[in-house]
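A.B. asks: Build me a model from this:
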Amino acid sequence: MEELKRVVSVPFKKTLATSLSEKDFEYSLAFDLKWFSPKIASKVKEKALEAGFLILKAGVLVPGFDVESIRVPHAFKPSENFLENSDRSGEKVQVKEKISFEQVLEFISADIGISRQKLVSEINFMQDRLSYLVDIRIVALIVAKKFGCDISGIYDRVSRSVLGISY
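C.D. replies: Predicted coordinates:
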């Protein structure tokens, strides 16, 4: 995950921008830096969104962490297979069930009946207090408990997804 954070931070550092359009982010990875094909650059963006390293606000991407705190070595280039699961050992890889931040939001919002806007605001506040060190899906569960939500129906899926544990 640390390598993904570095990859995500470079386009923002390179352009000295606090936000980028999705296309500009992907363009930077694929054509400016020449690290990935456009298709893989799109996958990097999706994985970063899922991990909470990128946040989509009003149609633009904003880093979900302090970009300036990330050190990128001078000749840094991501490994070719950094997006692949690190648990591949030549054996049959089991399918992992992923759960997105949006799915967690839907579950919590439906259970406790507060608006998504209020929920996201609380999650962002808590994420900031935790210095963006905790996966946003876990932060959402913490906030859900604060509001009295019964998270037992989603807890296992989120924890397995965050930890990358196969079913």
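A.B. asks: can you tell me how far K45 sits from I70?
C.D. replies: According to C-beta to C-beta, to the nearest Å, K45 stands 17 Å off from I70. All C-beta atoms are positioned from the backbone trio N, CA, C, and that covers glycine.
A.B. asks: need the contact list for the most centrally placed residue in the chain.
C.D. replies: Central residue of the chain (C-alpha atoms, centre = their mean): A51, 2.0 Å from the mean position. Shown in contact with A51 (C-beta atoms under 8 Å, 6 or more residues apart in numbering): M1, L4, D135, I136.
A.B. asks: who has more neighbours, K45 and I70?
C.D. replies: A side-by-side neighbour count of K45 and I70, using other C-beta atoms under 10 Å, places K45 first with 21 against 17.
A.B. asks: Need the three-state assignment for the more buried one.
C.D. replies: Put simply, K45 is helix when judged by DSSP: H, G, I helix; E, B strand; the rest coil.
A.B. asks: just checking, it touches L61?
C.D. replies: Yes. Counting by C-beta atoms under 8 Å, K45 touches L61, with 7.4 Å between them.
A.B. asks: Now for those two: what residues contact both?
C.D. replies: E22, F25, L54.
A.B. asks: What subset of the residues you listed is buried?
C.D. replies: The neighbour count (16 or more other C-beta atoms under 10 Å) marks F25, L54 as buried among these.
A.B. asks: in this protein, which ranges drop under the pLDDT threshold?
C.D. replies: By pLDDT under 70, the weakly predicted segments of the chain are 80-82, 84-97, 166-167.
A.B. asks: rewinding a little: and which of the shared contacts of K45 and L61 is nearest A41?
C.D. replies: Minimum distance to A41 across the shared contacts of K45 and L61 is 7.8 Å, recorded for F25 (C-beta to C-beta).
A.B. asks: Now do the same contact list for the closest one.
C.D. replies: P11, A41, K45, L54, L61.
A.B. asks: Tell me which of these fall in helices.
C.D. replies: Here DSSP state H is the test, and the contacts of F25 give P11, A41, K45 as lying in helices.
A.B. asks: in terms of contact, does the first one touch S19 like I think?
C.D. replies: No. Judged on C-beta under 8 Å, P11 makes no contact with S19 at a distance of 10.8 Å.
A.B. asks: Which one's more surrounded, these two?
C.D. replies: P11 (23 against 16).
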